[in-house]
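Novice: structure for the following, please:
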Amino acid sequence: MAEPSKISGVSSAAVEKATGKNWQQWVVLLDKLGAREMAHKSIAEVLRAQHQLDGWWAQMITVGYEQSRGLRQALEHADGFAACISRTVNTKLGVLYEAFAQEAARLEKEGIQVRRSADGKTLRAKLDDGSQLEVALAGSGGKSQVRVEHSGLKSAKDARESKAFWQLTLDELQKKLSKLG
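Specialist: Presented below is the predicted three-dimensional model:
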């Protein structure tokens with residue numbers, strides 16, 4: 001069995017503190033329930049209904065279980081693979097949104113469909129390969145957070161490449177916007 005804590009990044013101690021069981025106990029319990037043969041949604045529903053886990057922990061335990069049993073690859077979601085990255089930037093929300101809006105305008109000129117939120121906090125794009133990009137922004141005072149999710153990717157390799165691209169892109173953006181104050 002692959003160790004769920006190594007796959008998920010959540011320690012067995014943290015899982016036990018939050019749920020009352022460690023990773024090994026959850027894996028044994030789910031094996032006994034026949035979870036290897038169950039759909040993802042069904043496993044999560046059992047964890048919520050029978051074990052009183054909230055939605056987040058039910059999903060975390062389900063994904064960790066599936067990955068440890070080889071039923072799901074790292075970065076795999078129901079609609080393919082996904083890369084997710086976030087950063088805190090030392091700039092106001094409006095400045096951060098404008099930086100992404102400028103990039104969105106460039107993408108639109110290349111024929112990529114971009115939707116912007118009315119509240120200036122999200123941008124969504126459907127890319128030529130069928131994958132989707134969602135940028136969510138939040139801010140308070142002089143700091144903002146950006147979260148980028150690139151979903152609907154065809155492979156774990158594509159997700160790793162996207163994650164590396166967005167890590168570099170957000171690092172560069174963070175440096176650029178920090179200089180602006």
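Novice: what about the helices in the chain?
Specialist: Remark: helices assigned in the chain by DSSP state H are 4-8, 12-19, 23-32, 40-51, 55-68, 93-109, 156-180.
Novice: mean neighbour count, distance to residue 84 and mean pLDDT for the ones you listed - can I get that in TSV?
Specialist: For the C-beta atoms, the positions are set from N, CA and C on the backbone; glycine is no exception. Converted to TSV, the helices of the chain look like this (neighbours: other Cβ atoms under 10 Å; distance: least, Cβ to Cβ, whole Å; pLDDT from 0 to 100):
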stretch	mean neighbour count	distance to residue 84	mean pLDDT
helix 4-8	19	13	60
helix 12-19	16	19	90
helix 23-32	18	22	94
helix 40-51	16	18	94
helix 55-68	21	13	88
helix 93-109	15	16	81
helix 156-180	15	8	86
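Novice: how about those in CSV, adding distance to residue 115?
Specialist: Below are the helices of the chain laid out as CSV (distance: least, Cβ to Cβ, whole Å):
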stretch, distance to residue 115
helix 4-8, 31
helix 12-19, 35
helix 23-32, 38
helix 40-51, 27
helix 55-68, 26
helix 93-109, 9
helix 156-180, 19
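Novice: nearest to residue 86, of those?
Specialist: Between residue 86 and the helices of the chain, the tightest spacing by Cβ to Cβ is seen for helix 156-180, at 8.0 Å.
Novice: and stretch 13-22, how far out from the chain's middle?
Specialist: 22 Å (Cα atoms, centre = their mean, to the nearest Å).
Novice: who does the residue nearest to the spatial centre of the chain bridge with?
Specialist: Central residue of the chain (Cα atoms, centre = their mean): residue 84, 4.1 Å from the mean position. On the basis of DSSP bridges, residue 84 is bridged to residue 149.
Novice: how much space between it and residue 125?
Specialist: 15 Å (Cβ to Cβ, to the nearest Å).
Novice: picking that back up, correct me, but the residue nearest to the centre of the chain touches residue 148?
Specialist: Yes - if you go by Cβ atoms under 8 Å, residue 84 and residue 148 touch, sitting 7.1 Å apart.
Novice: please enumerate residues in contact with stretch 162-173?
Specialist: If you take Cβ atoms under 8 Å, 6 or more residues apart in numbering as the criterion, stretch 162-173 is touched by 75, 83-87, 89, 99, 146, 148, 150, 153.
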